[in-house]
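Enquirer: mind folding the following:
(chains A and B)
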Protein chains: 2
Amino acid sequence: MTIAFIHEEIPTEQVEQREKVLSSLTDAVRDLVDATIRSTVADDELDAVRAEVEALAARLRAAQLPGPAGVRYNSEGRSWNWGNAVVGRGNAVAPPVDITHDEFGSAYAELTLGAAYEGPPGMVHGGVSALLLDQIMGETASGFKRLTMTGTLTLRYRRPLPLGPVRLEAQIDRESGRKITVEARIGVPGEDAAVEATGLFLIPSWAPLDESAASWSRSAEG
Amino acid sequence: MTIAFIHEEIPTEQVEQREKVLSSLTDAVRDLVDATIRSTVADDELDAVRAEVEALAARLRAAQLPGPAGVRYNSEGRSWNWGNAVVGRGNAVAPPVDITHDEFGSAYAELTLGAAYEGPPGMVHGGVSALLLDQIMGETASGFKRLTMTGTLTLRYRRPLPLGPVRLEAQIDRESGRKITVEARIGVPGEDAAVEATGLFLIPSWAPLDESAASWSRSAEG
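Expert: Numbers count the residues shown, from 1 in each chain, chains lettered A, B, ... in the order given. Predicted coordinates for the structure are as follows:
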């Protein structure tokens, strides 16, 4: 099974311009997702809006990729994964998450989870917490300098997590050969964790142990 | 912290009519999410579409719930959780998943995961597998007849899972007092599992051990 990164020789400046325009559209689609969940307008208005949404999708599909967005990079070392389900700038399913990494194997993110991420009434879906934790732990394990794959994730649910502002934290706990253990948590900022996680990540036997210049491994986790 | 189910006295027939109209709109929004990820039309067209999407969201917001959709039920025993992140009929973040349960504590679902669920290039995001598994395991633990909460989830990633058709399966492994252990897996239909999961679910000490007639507990998992 091939996991292919795509080399696309677009100047970084153009990548960033496109990312900006795409992000604005995606933010609008994300808002439409929320409005669809919460709307109480009459059925015929829902139907009328549906027809308009279909027409807009057709306009976007006038020219499109044949499949998923994948992960792309240019020779300047810029990479982009706009389709990623957690951090993708073009993916309205993604909250999206902005993860800050330090050089010592720690990472954090703060974001607000709205109506689209609900599980129990008013609460973040337990699987959404798992989704976000998987992403931050994978990025922390790889540090964007090596290829890692998730081996095992263990999630301990301590208390319900209300929809609203949340904080994610992760750090490398230990490393041994090709195994990296990461600890992480998600919760209301400033409060005890709602979900704690331990992840075992693996550097595949065919991949180098460290590849500091490998821009193609950036954001490949998930 | 209160997890409140909302009693809303709407006849089942009306609930089902609304669900049908809402599902159609949501399918269209889901398609727009995919088209946004994959579109390669010019920047100015993306901008023009964005303005139209914003206008449609405003139309939907002309009348709306003050917050998330929650879980609602009527006195006929019909319940609906249209905002749920995995199974919600009004939530374009949800694939959505149709889960079939039998009376012996087993469940399965088949669905197709597209570009919006990508992690590694061309592959299902590991956290999306976790999200789907959490939902099917929670439903299996509760069986829609008792209130359960996720205690611990352990996910073992065996191999990458390509975007496309997937199958989920879950069954109760054992029960003891207020503890229920569920085993589950996700993979390409007919092939070995890509991710295997074990979940420990708990019936809270304040909740009854079995509540066959409790429609309000239906779909409360997640």
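Enquirer: use CA for all of it now, contacts and neighbours both
Expert: Fine.
Enquirer: list the contacts of stretch A:28-47.
Expert: By CA atoms under 8 Å, 6 or more residues apart in numbering or on different chains, the surrounding residues in contact with stretch A:28-47 are A:92-93, A:114-116, B:18, B:21-22, B:24-26, B:29, B:32-33, B:50, B:53-54, B:56-58, B:60-69, B:82-83, B:90-93.
Enquirer: 7 Å instead?
Expert: A:92, A:115-116, B:18, B:21-22, B:25-26, B:29, B:33, B:50, B:53-54, B:57, B:60-65, B:68-69, B:83, B:90-92 (CA atoms under 7 Å, 6 or more residues apart in numbering or on different chains).
Enquirer: in ChimeraX, how would I select the buried members of those?
Expert: Per 16 or more other CA atoms under 10 Å in any protein chain shown, the buried members of these correspond to this ChimeraX selection:
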select /A:92,115,116 /B:21,22,25,26,29,33,50,53,54,57,60,61,64,68,69,83,90,91,92
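Enquirer: quick check: which element contains A:A130?
Expert: In this assignment (DSSP states H and E), A:A130 forms part of helix A:126-142.
Enquirer: what mean pLDDT does that helix have?
Expert: Helix A:126-142 carries an average pLDDT of 97.
Enquirer: okay, the angle between it and helix B:126-142?
Expert: Interaxial angle, helix A:126-142 versus helix B:126-142 (axes from the mean of the first three to the mean of the last three CA atoms, to 10 degrees): 150 degrees.
Enquirer: just checking, next helix/strand downstream of helix A:126-142?
Expert: In N-to-C order, the element after helix A:126-142 by DSSP H and E is strand A:149-157.
Enquirer: centre of the chain to that following strand, how far?
Expert: Remark: strand A:149-157 is offset 16 Å from the chain centroid, using CA atoms, centre = their mean, to the nearest Å.
Enquirer: again, but for stretch A:184-203
Expert: 15 Å.
Enquirer: please save the CA atoms from that stretch in CSV.
Expert: Output of stretch A:184-203 as CSV, limited to C-alpha atoms (Å, rounded to 0.1, in the frame of the first residue of the first chain):
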residue,chain,number,x,y,z
ALA,A,184,-1.7,14.0,26.0
ARG,A,185,-4.9,15.5,27.4
ILE,A,186,-7.9,17.6,26.4
GLY,A,187,-10.1,19.7,28.8
VAL,A,188,-11.6,23.0,29.6
PRO,A,189,-8.7,25.5,29.7
GLY,A,190,-7.4,25.8,33.3
GLU,A,191,-9.4,22.8,34.5
ASP,A,192,-8.5,19.1,35.1
ALA,A,193,-8.3,17.0,31.9
ALA,A,194,-11.6,15.5,30.6
VAL,A,195,-9.7,12.9,28.6
GLU,A,196,-6.2,11.7,29.1
ALA,A,197,-4.3,9.7,26.4
THR,A,198,-1.2,7.6,26.0
GLY,A,199,0.0,6.9,22.5
LEU,A,200,2.7,4.5,21.2
PHE,A,201,4.0,5.6,17.9
LEU,A,202,6.4,3.7,15.6
ILE,A,203,9.0,4.7,13.1
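Enquirer: go through it and flag the buried ones.
Expert: Neighbour-count burial for stretch A:184-203 [16+ other CA under 10 Å]: A:184-188, A:193-203.
Enquirer: what about the residues you listed, which are in strands?
Expert: Using DSSP state E, the subset of the buried residues of stretch A:184-203 located in strands is A:184-187, A:195-202.
Enquirer: and the two most separated of those?
Expert: A:G187 and A:L202 (26.4 Å; CA to CA).
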